[in-house]
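make a model of this:
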Amino acid sequence: MPRPSLSQEFTSRPFSVAEAIQAGIRPSTLRSARFARPFSGVRMLGASDMYDEAFTHLGFADDGDSAWSRSYGSFVALCRAYHARMPQHAFFSHATAARLHGMWLPGWLIVEPVLHVSVLAPHALPRASGIVGHRSLGSRVRVTQAEALPALAAEEVWVQLAARLRLDDLVAAGDWFVRRKGGSASLESLSKRVAAAGGARGVRVARESLALIRPGVDSPQESKLRVLIVQAGLPEPIVGFVVRDRSGQFIATPDLAYPDARIALEYEGDGHRLSRQQFVIDIDRYERLAAAGWRVIRVLAQDLGEPHSRVLISRLGAALLHPFPGLR
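Numbering: from 1, shown residues only. Below you'll find the model as predicted:
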């Protein structure tokens, strides 16, 4: 017997069993092995690699590991799959909304194998395998669109994250709002959200983070490096300082800088190591800084954690105490 044909509407996206039956698709058809079942009550014809990857991490396949973290696309796909059965009054929140917005998050939170979904009281908590339900007691929340999905507004999500993130991670997430390219909010808007949160969990950390957020940052690692330096008791370096030669010609914009001591801090991620073009650009920049009398301190990922961070702080402290000759 030939397989029943499906309309294009049901071959290109996840869909709920209820809407399929309403469209005339028989329940026996929906029980076919042709359909992936990412969540109870949700079907998808076949499963693209994107969906397979996401389902693997939540236990819908059997090759395990951290597939979730390898693909942002698989994460969004999973959100879309759940959205097919999500009540109209529900919305993504907490770490899930943060990732949909593109916020800078620590790795351990990115690989968290659940989706966070919120509703307003008195609606019932969302319940499904792989879903963490939350109920907001406030009567006013701002829900926006992120990846064409309903998500709590980014400023409100940042305040939610304060209940779980360390200070440096929360500052990095806050720097994302005022980053050099694509900043989407202001410190004032974040401050208003913190004030409105009252005595909610994490508000103390949020207030402390507000004082450390700086505009113009390019990456979360730069943010964490800056916080590390400040917490160690050293002077705070400047973000986005433009180094020029005596004639005013541009030389470089280090990640972080101490202009008076002519010290440039440069964070080197995997892109610096794996891309030959980036490697050549970096070397040229370092040489131009050195020629202008600047000392360059190169920072690796391992330097942001113990015990390497102590060595880095010691090196930086010594450099600040003993700048190059001629600077005093």
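
just for the stretch 1-150 of the chain, where's the confidence low?
Regions of the stretch 1-150 of the chain meeting the criterion pLDDT under 70 cover residues 1-21, 23-24, 28-32, 35-37, 40-42, 45-70, 138-139.

isn't Leu120 right next to Arg140, touching?
No - contact between Leu120 and Arg140 fails when scored by Cβ atoms under 8 Å: they sit 9.2 Å apart. C-beta coordinates here come from the backbone N, C-alpha and C atoms, glycine included.

what about these two, which has more around it?
Leu120 (16 against 7; other Cβ atoms under 10 Å).

which phi and psi does the more buried one have?
Main-chain torsions, Leu120, degrees, to the nearest 10: phi -90, psi 150.

next up, the contacts around the closest residue to it other than its chain neighbours.
Spatial nearest neighbour of Leu120, excluding adjacent residues (Cβ to Cβ, 6 or more residues apart in numbering): Ser136 at 5.2 Å. Going by Cβ atoms under 8 Å, 6 or more residues apart in numbering, Ser136 touches Ser93, Ser118, Val119, Leu120, Ala121.

out of the residues you listed, which are buried?
Buried by 16 or more other Cβ atoms under 10 Å: Ser93, Ser118, Val119, Leu120, out of those.

can you get me a residue count around Arg85?
22.

thought it was touching Phe39?
Yes - Arg85 lies in contact with Phe39 (Cβ under 8 Å); the separation is 6.1 Å.

name the residues contacting each of those two.
Common contact partners of Arg85 and Phe39 (Cβ under 8 Å, 6+ apart): Ala128.

where's Phe39 relative to Leu152, distance?
Distance, Phe39 to Leu152, by Cβ to Cβ, to the nearest Å: 20 Å.

let me fix that, I meant to ask about Ala77.
Applying Cβ to Cβ to Ala77 and Leu152 gives a distance of 20 Å.

what do you get for Glu222?
Noted for Glu222: a distance of 26 Å to Leu152, by Cβ to Cβ.

same thing with Leu78?
With Cβ to Cβ as the criterion, Leu78 and Leu152 are 18 Å apart.

so which residues of the stretch 51-200 of the chain form strands?
All strands of the stretch 51-200 of the chain, identified by DSSP state E, counting those that start in this stretch, fall at 91-92, 115-120, 131-136, 143-146, 149-152.

got the angle between the third one and strand 115-120?
Taking axes from the mean of the first three to the mean of the last three Cα atoms, to 10 degrees, one finds that strand 131-136 is oriented at 30 degrees with respect to strand 115-120.

confirm that Leu316 sits in a helix.
Yes - counting by DSSP: H, G, I helix; E, B strand; the rest coil, one finds Leu316 located in a helix.

and Ala77 and Leu152? Which one has more around it.
In terms of neighbours (other Cβ under 10 Å), Leu152 is the more surrounded of Ala77 and Leu152; the figures are 28 against 23.

now that one: how far from Val194?
Taking Cβ to Cβ, one finds Leu152 at 15 Å from Val194.

just Ser184 next, same as before
17 Å.

go ahead and confirm Leu228 touches Leu304.
Yes - between Leu228 and Leu304 there is a contact under Cβ under 8 Å: 6.2 Å.

hmm, back to that, and the two most separated of the contacts of Ser136?
Longest distance between any two of the contacts of Ser136 is 13.8 Å, between Ser93 and Ala121; criterion Cβ to Cβ.

so who does the most centrally placed residue in the chain touch?
Closest to where the C-alpha atoms of the chain average out (Cα atoms, centre = their mean) is Trp104, at 2.9 Å. Contact analysis of Trp104 by Cβ under 8 Å, 6+ apart lists Ala172, Ala173, Asp175, Trp176, Ser219, Pro220, Ser223.

excluding chain neighbours, what is closest to the last one?
Beyond its immediate neighbours in the sequence, the residue positioned closest to Ser223 (Cβ to Cβ, 6+ apart) is Ala172, lying 3.8 Å away.

the one you found: neighbouring residues, count only.
Residues near Ala172, counting by other Cβ under 10 Å, number 29.

domains in the protein, as residue ranges please.
Under the assignment automatic domain parsing, the domains of the chain span 1-85, 86-217, 220-321.

return the most buried member of those.
Of those, the one with the most neighbours on average (mean count of other Cβ atoms under 10 Å) is domain 86-217, at a mean of 18.

and the residue nearest to the centre of the chain, how far from Gly133?
26 Å.

and what of Ala33?
From Ala33 across to Gly133, the span is 30 Å (Cβ to Cβ).

does the closest residue to Phe91 other than its chain neighbours have beta-bridge partners, and which?
Counting by Cβ to Cβ, 6+ apart, Phe91 lies nearest to Pro150, which is 4.1 Å off, once chain neighbours are set aside. Note on Pro150: beta-bridge partners by DSSP bridges are Gln145.

Pro150 and Glu208, how far apart?
For Pro150, the distance to Glu208 equals 31 Å [Cβ to Cβ].

output the longest helix belonging to this protein.
Longest helix in the chain by number of residues (criterion: DSSP state H): helix 276-291.

what mean pLDDT does it have?
Helix 276-291 comes out with an average pLDDT of 87.

many thanks, I have nothing further to ask.
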